[in-house]
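Student: pasting the sequence and the predicted coordinates here, then a few questions.
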Amino acid sequence: MMHQAIHWLFQQSRSVKRIISLLLDTLFISLAFWAAFMLRLDSSLLLDSVKHWLVLAAMLPLTLLCFVRFGLYRAVLRYLGHHATVVMMGGVAVSAITMVLAAYYFNAFLPRSVPIIYAALALLLCGGARTMARALYNQSTKKQKTPVIIYGAGASGRQLNTSLTHGSEYRAVAFVDDNIALQKALLQGLTVYSPAALPWLIEHFGAQKLLLAMPSISRQRRREIVDTLENLSLDILTIPGMADLISGKATLSELHEVSVEDLLGRDPVEPFPELISANIKGKVVMVTGAGGSIGSELCRQIVQQGPATLVLFECSEYALYQIDQELAGMCRTAHYPVRIVPVMASVQQQNRLEAVMQAFGVQSVYHAAACKHVPMVEYNVVEGVRNNVFGTWRAAEAAIHCGVETFVLISTDKAVRPTNVMGTSKRLAELVLQGLALRQNSTRFCMVRFGNVLGSSGSVVPLFKQQIRAGGPITLTDEKITRYFMTIPEAAQLVIQAGAMGKGGDVFVLDMGEPVKIIDLARKMVRLMGYEVKDERQPNGDIEIKVTGLRPGEKLYEELLIGGNEQPTAHPRIRTAYELHLPWQEMQALLQELNIACEQYNQPRIRELLLQAPTAFNPQDGICDLVWQQNQAGEGSSADSDRSKVVALVQ
């Protein structure tokens, strides 16, 4: 009955709640007034005293007016806190003083201790009733909230618990912390336990989620903690990092799934100021493929280094619009004095490239435009070769003709001993720049080679998340497949810094850390999203991992170096490689033949030229181009039809 009344009260409009609060405070102040006299005199004879009724009549409206002026009735009852207590104390103090003055004015009998007793009783009744109502409401809504455990009993954990108390989604049942000094302590009504007690806590409290409240720890430490938690049947969420909290991009109450950076990432090395700004600060910079995952992050990093102008070169109208709007917003918010120039065009159009470079006086180019999805390039060979090889060549020639100082190619680990057309085309793009670096010395060309970036378009991570949320199965091409991973911001920072170290024709290789087995990544993601892997050992699990077989052109293992002759650089995560390259005359002859084969759509000739090039191309499949295969199938069916007709005539 009491819970129903409380819920009814909280569901009323603000004006109704204020009227009820005023009426209850009138009752409580009156009770406190007469109770104070009864406790002091042990008698109720004063109830018949007109003078004392006049004293009450004088102090009651003044007390309520103080409560109104101090904002007590504007406070939301379920979020009542320290401010409301201070307001009530101030109002009651004014009320007690008014009692003394009114008693003196009306010549009413008033023992000296009565105002003190009255003040204590009024504060107890007015404040206690509100506290009780809030407690009853919170208690009644607890059953509707999801029980969670907070990992981290520091300042962030305690603030998170306060936020959850005021929210309607979660309720904390315990703290967990590695700090032995905090264990067994009672914080905000919750006991702090050791991480070893987590299995018992989950069973005892029925906790469904674990919230990581440690925004300031290193990524390496976060990864270690996550590794210890992956076997628990809990959905693990985390609060934003300290940088986002300080910058205002996120709030402490925002919770999100444990990112893949927490599973695989490492702490980034702070960028070297002299390297990251060398080719950018005060200069005109152009990024091709500016709307892609790497290109867009390059643009974000470049804007922060203070270029005079940033030219966004992109063939996709929608991608160009998105990055242009985002960068314009960044410049307005952070007051970056950067001119943003969105240009829609293809890197295969050299005249357009030269027109743009000359018009804006481009000094540095970051060439991120490329077809990078292995199966898509296998299915569309000509477009992949034209975009990756000839697009790079046209952009590089335009840079030479327009006097561009630095040209940086974003390459890939798939260019090393490639088994697919995409990797082969990127290795050919590297050879083009190496040949041009030998042909002239006005433009510095360099290449930066790295592996997969977390969260990029085509990454397995968002695909796995989508499949897990859909109930599975997770599709995996092979149980043995491994990949290198790096975060997009770290990759972009290292690309910019590597470009500043180039002397001409350099191949830079980014330190990607240790390779990761994709099946291990899939299992971690399943467990950390609160599910169990369904396999032979766990036939009643939730999510099955299904092996579908390698896709066309896909490798089991990726490499970053062709040979073993790598050398360190001034940056601990950037190395330089010295690799085989062709003289420009030979490279140009190969490109001319390849161009003719692409124009004629001669797939066998394209395959032959790619095999002849010094790229170590080792295809694992036949020609997979979809149009070519359809034409071959059509020719085969036509020949079969002709043979059937001949047989019919003979018969």
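Tutor: Looks like it arrived, so ask away.
Student: give me every residue that touches residue 114.
Tutor: Residues near residue 114 by CB atoms under 8 Å, 6 or more residues apart in numbering: 36, 37, 40, 99. Every residue, glycine included, has its C-beta placed from N, CA and C.
Student: hmm, try it at 10 Å
Tutor: Taking CB atoms under 10 Å, 6 or more residues apart in numbering, we find residue 114 in contact with 33, 36, 37, 39, 40, 41, 96, 99, 100, 103.
Student: how far does stretch 110-125 sit from the chain's center?
Tutor: Distance of stretch 110-125 from its chain centroid, counting by CA atoms, centre = their mean, to the nearest Å, is 56 Å.
Student: which residues does residue 507 bridge with?
Tutor: Note on residue 507: beta-bridge partners residue 447, residue 577, judged by DSSP bridges.
Student: count of neighbours near it?
Tutor: Per other CB atoms under 10 Å, the neighbour tally for residue 507 reads 25.
Student: check the one 10 residues further on too.
Tutor: Counted with other CB under 10 Å, the neighbours of residue 517 add up to 13.
Student: same question, the one 4 residues further on
Tutor: Close neighbours of residue 521, defined as other CB under 10 Å, add up to 21.
Student: wait, a helix at residue 30?
Tutor: Yes - counting by DSSP: H, G, I helix; E, B strand; the rest coil, residue 30 is found in a helix.
Student: show me what contacts the closest residue to it other than its chain neighbours?
Tutor: Nearest in space to residue 30, with sequence neighbours left out and distances taken as CB to CB, 6 or more residues apart in numbering, is residue 56 at 6.5 Å. Applying CB under 10 Å, 6+ apart to residue 56 gives the contacts 29, 30, 33, 34, 99, 102, 108.
Student: so which of the residues you listed are in helices?
Tutor: Among those, the ones falling in helices (DSSP state H) are 29, 30, 33, 34, 99, 102.
Student: mark which of the residues you listed are buried, thanks.
Tutor: Buried subset of those (neighbour count, 16 or more other CB atoms under 10 Å): 29, 33, 34, 99, 102.
Student: of the residues you listed, closest to residue 290?
Tutor: Nearest to residue 290 out of those is residue 29 (CB to CB; 68.4 Å).
Student: doesn't residue 57 make contact with that closest one?
Tutor: No - using CB atoms under 10 Å, residue 29 is not in contact with residue 57; the gap is 11.4 Å.
Student: what helix or strand is residue 215 located in?
Tutor: Following DSSP states H and E, there is no helix or strand that holds residue 215.
Student: over to it: give its phi and psi.
Tutor: With angles defined as degrees, to the nearest 10, residue 215 sits at phi -70, psi -20.
Student: let me see the contact set for residue 151.
Tutor: By CB under 10 Å, 6+ apart, the neighbours of residue 151 are 157, 174-178, 195, 198, 210-214, 225, 229, 236, 238.
Student: can we see that at 7 Å?
Tutor: In this structure, residue 151 makes contact with 176, 210, 211, 212, 213, judged by CB atoms under 7 Å, 6 or more residues apart in numbering.
Student: just the ones in strands from those, please.
Tutor: Among the contacts of residue 151, the members found in strands (DSSP state E) are 176, 210, 211, 212.
Student: name the member of those residues with the most neighbours.
Tutor: If you count neighbours using other CB under 10 Å, the busiest of the ones in strands among the contacts of residue 151 is residue 176, which has 26 neighbours.
Student: is that residue in a bridge, and if so with what?
Tutor: Beta-bridge partners, per DSSP bridges, of residue 176: residue 151, residue 193.
Student: how far away is it from residue 234?
Tutor: Separation of residue 176 from residue 234 (CB to CB, to the nearest Å) stands at 11 Å.
Student: if we can go back for a sec, with distance to residue 412 and pLDDT added, can I get the contacts of residue 56 in CSV?
Tutor: Shown next, in CSV, are those (distance: CB to CB, whole Å; pLDDT from 0 to 100):
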residue, distance to residue 412, pLDDT
29, 77, 84
30, 81, 84
33, 82, 84
34, 85, 82
99, 83, 86
102, 86, 85
108, 92, 83
